[in-house]
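In: Sharing a model prediction with you, sequence too.
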Amino acid sequence: MRYAFNRLSGLALKQVLPHVRDNGEIGLESLLVFIQLLEAAFGDPDRVATAERNMKEIKQKNREFSLYYAEFQVIAADLDWNPSALWNALRSGLSEEMKDSFIHTDMPDDLPAFVTLCQKRDNQIRQRKAEKAAQHKWTSSVGSPSAPRVPAPPKTPEAAPAGTVAGYTGPAPMDLSAGRKRISDEERAKRFADGRCLYCGGFNHRAVDCAVRKKARPFKAAGAEMKEAEVKEVGTKDGSEGSGKD
């Protein structure tokens, strides 16, 4: 009782001071009377009703089960409930995650056994969460392996088109007509064999004398020179410049 008295202060101390005698002794019969004196001044006048309200409101939420159960026991101490009612109240306040974990589990009807099962299941859930968090942290720091990049094939210079200047590796010379497509090598060979014009495909004239070619829009000097070289080179393949005539 003296130890409890030395821990008091403020209004609580003033409640007990009138019972302290001149010789320093506390004039109370027992520690129980000492506690009842304080409860009469500061206690809840309807502890049972308060405990019942608190029992309906208490929830585990994200807390560890041990903390939730400790608070549950404090509230249950003021209630005269049977074990079955306490079992239902304890289960009702569990977190949704805990309740879901019991879907395929046979829960014991005995309250102490149920408390032990809840404590074990809560430890398993938190351990699994810690493993997932550690795995996610490791994956985020290392990064997911990516497929190796395939190097782009080296660009090869364009081969000189048939009939162009020897050694030329640039783009093909521009056609002499904006709307005219370049003839294929097969078509070129066929025109050459038939003695037709290599420009328009007509007969009885060479490409240099082709009226169609002369009417075409003039091109840049470089393109015209390359085309002229092409015509000359094709003409010399047969040994004469006029071999393209009929």
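Out: Now that the structure is in, tell me what you want to look at.

In: now the chain, which segments are flagged as low pLDDT?
Out: Per-residue confidence for the chain (pLDDT under 70) gives these ranges: 142-150, 155-181, 216-246.

In: how near is residue 132 to residue 55?
Out: As judged by Cβ to Cβ, to the nearest Å, residue 132 and residue 55 stand 34 Å apart. C-betas here are computed from N, CA, C, even on glycine.

In: got it, and residue 192?
Out: With distances taken as Cβ to Cβ, residue 192 is found 106 Å from residue 55.

In: tell me the domain ranges of the chain?
Out: Structural domains assigned to the chain are 1-43, 47-128, 185-236, following automatic domain parsing.

In: Make sure residue 44 is indeed in a strand.
Out: No: counting by DSSP: H, G, I helix; E, B strand; the rest coil, residue 44 is not found in a strand; it is coil.

In: So in the chain, which helix runs the longest?
Out: In the chain, taking DSSP state H as the definition, the longest helix is helix 111-142.

In: just to revisit the earlier point, just put the domains of the chain in a markdown table and tack on mean neighbour count and distance to residue 151.
Out: As requested, the domains of the chain are exported to a markdown table (neighbours: other Cβ atoms under 10 Å; distance: least, Cβ to Cβ, whole Å):
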| stretch | mean neighbour count | distance to residue 151 |
| --- | --- | --- |
| domain 1-43 | 12 | 80 |
| domain 47-128 | 14 | 44 |
| domain 185-236 | 15 | 33 |
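
In: one step back: following the longest helix of the chain in sequence, what is the next regular element?
Out: Using DSSP states H and E, the helix or strand that directly follows helix 111-142 along the chain is helix 185-194.

In: starting at the chain centroid, how far to that following helix?
Out: Centre-to-centre, helix 185-194 and its host chain are 62 Å apart (Cα atoms, centre = their mean, to the nearest Å).

In: Who are the packing partners of the longest helix of the chain?
Out: On a contact count with 3 or more Cβ pairs under 8 Å, 6 or more residues apart in numbering; DSSP states H and E, helix 111-142 meets helix 65-76, helix 83-92, helix 96-101.

In: Next, the angle from that helix to helix 65-76.
Out: If you take axes from the mean of the first three to the mean of the last three Cα atoms, to 10 degrees, helix 111-142 sits at 150 degrees to helix 65-76.

In: Run the angle between helix 111-142 and helix 83-92 for me.
Out: 10 degrees.

In: Identify the residue nearest residue 89 in space, chain neighbours excluded?
Out: Distances taken as Cβ to Cβ, 6 or more residues apart in numbering place residue 55 nearest to residue 89, at 5.4 Å, with adjacent residues excluded.

In: Is that neighbour in a helix, a strand, or coil?
Out: From three-state DSSP, the assignment for residue 55 is helix.

In: now the residue most central in space within the chain: how far from residue 134?
Out: In the chain, the C-alpha closest to the average C-alpha coordinate belongs to residue 140, at a distance of 9.7 Å (Cα atoms, centre = their mean). Separation of residue 140 from residue 134 (Cβ to Cβ): 11 Å.

In: what's the answer for residue 65, then?
Out: The gap separating residue 65 from residue 134 is 22 Å, by Cβ to Cβ.

In: re the thing from before, now the domains of the chain in CSV, with distance to residue 153?
Out: CSV is the format used below for the domains of the chain (distance: least, Cβ to Cβ, whole Å):
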stretch, distance to residue 153
domain 1-43, 86
domain 47-128, 49
domain 185-236, 25
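
In: For residue 152, which of those is the nearest?
Out: domain 185-236 (29.1 Å; Cβ to Cβ).
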